[in-house]
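*Asks:* Here is my input; please provide its structure:
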Amino acid sequence: MEFTDRLEVPTAMHWHGIRNLNEMDGVPNLTQAAIALCDSFDLQTIRLATAQRADIMVEMPAGELGLEEVSTGESVGAAMLKANGLVPAMANSPAVMAWYDRPDLSGARVIDVYLEGGAIGNLLSTQFEGDVLALRDLAQAHSKLWAFNGIVGGYHHLLAYLALGEVSVLRIWNDTRWEHSMHLHGHHFWADSREFGDKVRSVLRDTYLMTAGERADLVFVANNPKMWLFHCHMMEHHASGMGAVISVT
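*Replies:* Below is the predicted model of the structure:
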């Protein structure tokens, strides 16, 4: 794929659901330089992997079917499905295989991640650039509202050094009044999800939506070397402190 930046500012492109090369991960100033205006580069061959996505099967012998994004309360066109007139080769769902099996947790490395901050939260003060500041000062002077383990996050905040191949658990407590879309770059993790109802289902993801007050274990094998970002993918949360880095060597 060739990527050309026609925005008014430098940018980069990050992939979800893809086990990518570190230097193609698309995090400016952490894994690669930002793409300059109107410059382009050829992306190397990438391998698709099982991660957060939606697989749908639609019985649609003719016509078109539109998909719409409705989270804001207003319908926004997202995709259009067009029938090709072919008879499905099989009536049942195709077999689905996980990228890798959920690992044995005997001897696993546990990394505690405590999320705090936001409006109506319990964060009174936290560390930012070496100083402990009150939340009001953080918000008014620095536009920061969130913290990981008592530190306003960023590329400087190292959550853990992991050995290559080490079974690891991000043990997260979302002690806020808000949902957070937690995304790990370069890896896929197992999580016990209730998003399909009351029954807990083990799912393999690279992004997991945590509800307010939820505790969750994100289980993964650190099998992709170099520095990887772990952050909330609600970008205003990320920009205001909800992010950190994991090193795999």
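
*Asks:* got the residue ranges for the helices in this protein?
*Replies:* 135-142, 235-239 (DSSP state H).

*Asks:* Looking at the ones you listed, which is nearest to residue 179?
*Replies:* helix 235-239 (9.6 Å; C-beta to C-beta). Bear in mind the C-beta positions are built from the backbone N, C-alpha and C, glycine included.

*Asks:* related to what we said a few turns ago, mind putting the helices of the chain into CSV with distance to residue 187, mean pLDDT and mean neighbour count?
*Replies:* Below are those laid out as CSV (distance: least, C-beta to C-beta, whole Å; pLDDT from 0 to 100; neighbours: other C-beta atoms under 10 Å):
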stretch, distance to residue 187, mean pLDDT, mean neighbour count
helix 135-142, 30, 91, 15
helix 235-239, 18, 88, 16
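
*Asks:* Looking at the ones you listed, which is nearest to residue 124?
*Replies:* helix 135-142 (6.0 Å).

*Asks:* Remind me what that closest one packs against, helices and strands.
*Replies:* Helix 135-142 is packed against strand 125-128, with contacts defined by 3 or more C-beta pairs under 8 Å, 6 or more residues apart in numbering; DSSP states H and E.

*Asks:* Can you tell me what sits against the strand it packs on?
*Replies:* 116-117, 132-135, 138, 142, 144, 147, 150-152, 241 (C-beta atoms under 8 Å, 6 or more residues apart in numbering).

*Asks:* now with 6 Å?
*Replies:* 132, 134, 138, 147, 150-152 (C-beta atoms under 6 Å, 6 or more residues apart in numbering).

*Asks:* Check stretch 156-168 too.
*Replies:* Contacts of stretch 156-168 (C-beta under 6 Å, 6+ apart): 103, 108-109, 111, 151, 220-223, 225, 244-248.
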